[in-house]
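Chemist: whatever this is, show me its structure:
(one chain, ligands or ions: 1)
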Amino acid sequence: MENPTKRKPASVCVHGGWSPKKGEPRQLPVYQSTTFTYETSGQMADLFDLKAAGYFYTRLQNPTNDAVAEKIRELEGGSAAMLTSSGQAANLYAIINLCGSGDHFVCAFAIYGGTFNLFSVTLAKLGIEVTFVDQDAPEEELAKAFKPNTKALFGETVSNPAMKVLDIEKFSRLAHSHGVPLIVDNTFPTPINCRPLEWGADIVTHSTSKYMDGHAAAVGGAIVDGGRFDWLAPAHAPKFPGLSAPDPSYHGLVYAEAFGLGGAFITKATAQLMRDLGAIPGPQNSFLLNLGLETLHLRMERHCSNALAVARFLQSRPEVAWVHYPGLDGDTYHALAKKYMPSGSCGVLTFGLRGGREASVAFIDSLRFVSIATHVADNRSCVLHPASHTHRQLSDSQLLEAGVPADLIRFSVGIEDIEDILADLAQAF
Ligand SMILES: *Cc1c(COP(=O)(O)O)cnc(C)c1O
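Modeler: This next block holds a predicted model:
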């Protein structure tokens, strides 16, 4: 591979991050080691001062983890990337790398439940305030949520489980006109179907536990920096002293000066957050993630074609009241999906039955081939009824408010033969 920057995504999936030289292993090795050795005290001291790059302790960096982060960086078209132990840790680090106590950020309301809880409950305890907004509201309306202490805007490319598609360009304009970066959680489409950095996002996060791993084998997360947000610009520098002013825990080093716009965000997140909080993935999990990534491009194609076939089949059934899938012609988000994800969005869709809550429960109990599981976005088809499972503490009116009506079934369409999936649905009706 002579010019890695020109490789197509499918080639990056297979070859990214690891280029073995003469006599080296073909497959990415698992560096299952906590520590790394040096010959002189001075060599080690330079690492601790961030004067030289290298490995000394896996909590900060590990060669297996870094190779996989590099593959994801290349897939997203970013300037730097890091892995975390989960998607939750990725979103936590992305926010607290910018926000401290007394700061505020704006976030789309339709996001993953775990992220919603992290942002609204746990970050509140740390003194970080969030304002949730309706992502479909006009720009003038959304602008009202920003305050002088706002440090970021956050949204999901395709929201889990509401299946709303984010207007990334609108969110990017909004963030930049308020002098803050846009962070996009790109878990559902993956960089195979959407590359938010190309549409104006500044930072991308992932739960790699979903399609990237794809085999439901390893929980993990990733953060990718686009390297374009200028932390040192006069309008930005006072807002982001963590990147633009000296870091007392590294002898007064200024990240944006020492590592440039491309390296500052990820180096700070590694040197401070990973050092102090430690949500690093085990190298063995990163190895499994890399195996998943090698076929991501093939699997996403099948997830999307199977999901579209399921969505069309459900739409044709008299028992089905509604179907949400951005790939469907009549879907509210079809135009946005076509713009940002022309080759398909993902394999997840939601639908409701005319018989309401009871009919939905009876339906999923009748499935034989498709299993009931809390997971989404892996090889195997599965369903979940949020009103009975993840959201069972909520009343019917609270369910509606949360955008998960009592009849909603979330269907994560796998990569099996479509005829088996459709046959199972048909017999369950
Ligand atoms: C699952 C998920 C997360 C959380 O990731 P974990 O790996 O489970 O910690 C974050 N964002 C989205 C969109 C998700 O689907």
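Chemist: give me the phi and psi for Val410.
Modeler: Rather than Val, residue 410 is Arg. phi -100, psi 120 (degrees, to the nearest 10).
Chemist: what residues are up against it?
Modeler: 161, 348-350, 376, 383-386 (Cβ atoms under 8 Å, 6 or more residues apart in numbering). Using the backbone N, CA and C atoms, a C-beta is placed for each residue, glycine as well.
Chemist: got TSV for those, with distance to the ligand too?
Modeler: Output for the contacts of Arg410, formatted as TSV (distance: Cβ to the nearest ligand atom, whole Å):
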residue	distance to the ligand
Pro161	8
Val348	9
Leu349	14
Thr350	14
Val376	6
Val383	16
Leu384	12
His385	17
Pro386	13
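Chemist: find the nearest non-adjacent residue to the closest residue to the ligand within the stretch 51-200 of the chain, please.
Modeler: Of all residues in the stretch 51-200 of the chain, the one sitting closest to the ligand is Gly87 (2.3 Å; Cβ to the nearest ligand atom). Leaving out its chain neighbours, the residue that sits closest to Gly87 by Cβ to Cβ, 6 or more residues apart in numbering is Ser207, at 2.5 Å.
Chemist: OK, contacts around the one you found?
Modeler: Per Cβ under 8 Å, 6+ apart, neighbours of Ser207: 86-88, 90, 112, 185, 187, 220-221.
Chemist: can you list the low-confidence ranges for the stretch 51-200 of the chain?
Modeler: The model of the stretch 51-200 of the chain has no residue with pLDDT under 70.
Chemist: for the protein, which helix is longest?
Modeler: helix 296-315 (DSSP state H).
Chemist: may I have it as CSV, with CA atoms only?
Modeler: Extracted in CSV, the C-alpha atoms of helix 296-315 (Å, rounded to 0.1, in the frame of the first residue of the first chain):
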residue,chain,number,x,y,z
LEU,A,296,-17.1,-4.3,8.4
HIS,A,297,-17.6,-3.1,4.8
LEU,A,298,-19.1,-6.5,3.7
ARG,A,299,-21.3,-6.8,6.8
MET,A,300,-22.7,-3.3,6.6
GLU,A,301,-23.8,-3.9,3.0
ARG,A,302,-25.7,-7.0,4.1
HIS,A,303,-27.2,-5.4,7.2
CYS,A,304,-28.6,-2.6,5.1
SER,A,305,-30.0,-4.7,2.3
ASN,A,306,-31.6,-7.1,4.8
ALA,A,307,-33.0,-4.3,6.9
LEU,A,308,-34.5,-2.6,3.8
ALA,A,309,-36.2,-5.9,2.8
VAL,A,310,-37.5,-6.4,6.4
ALA,A,311,-38.8,-2.7,6.5
ARG,A,312,-40.6,-3.2,3.1
PHE,A,313,-42.1,-6.5,4.2
LEU,A,314,-43.4,-5.1,7.5
GLN,A,315,-44.9,-2.1,5.7
